[in-house]
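K.L.:
Coordinates for the following, if possible.
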Amino acid sequence: MTSQHFPYRFDKRWAPLFFALGVGDDDGVDISDDGELIATFGRFSVKTTLDNIDHTRVTGPHRWYTAVARRPRRGDREVSGRCARSYSM
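P.N.:
Have a look, this model is predicted:
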């Protein structure tokens, strides 16, 4: 199985915070050939099928204290400024 990987862009000034959150260079969004989207941010991940995605968007720029976090919301799963709205997860 092959996939496309879309890494996050990190501000190196915040490397100690990312380290504490478990975030590494291999984190980001992966789209597999079998139709799965997996977004990983440290120890947290969101996994769904591409058929389940309504739309995506890249947001920003963000202030550091609003961007460096996992923000789960009802109906959305957002990871570091990227939002994938789904029908059900």
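
K.L.:
Name the next helix or strand downstream of the helix or strand encompassing His5, please.
P.N.:
Using DSSP states H and E, His5 sits in strand 3-7. Later in the chain than strand 3-7, the nearest helix or strand by DSSP H and E is helix 15-21.

K.L.:
Would you mind listing the buried residues in that next one?
P.N.:
18, 21 (16 or more other Cβ atoms under 10 Å). (C-beta placed from N, C-alpha, C; glycine too.)

K.L.:
before we move on, back to that, which strands and helices sit next to the strand holding His5?
P.N.:
If you count contacts as 3 or more Cβ pairs under 8 Å, 6 or more residues apart in numbering; DSSP states H and E, strand 3-7 packs onto strand 28-32.

K.L.:
Given the strand it packs on, what are its sheet partners and their directions?
P.N.:
Partners of strand 28-32 in the sheet, by DSSP bridges, are strand 3-7 (antiparallel), strand 36-41 (antiparallel).
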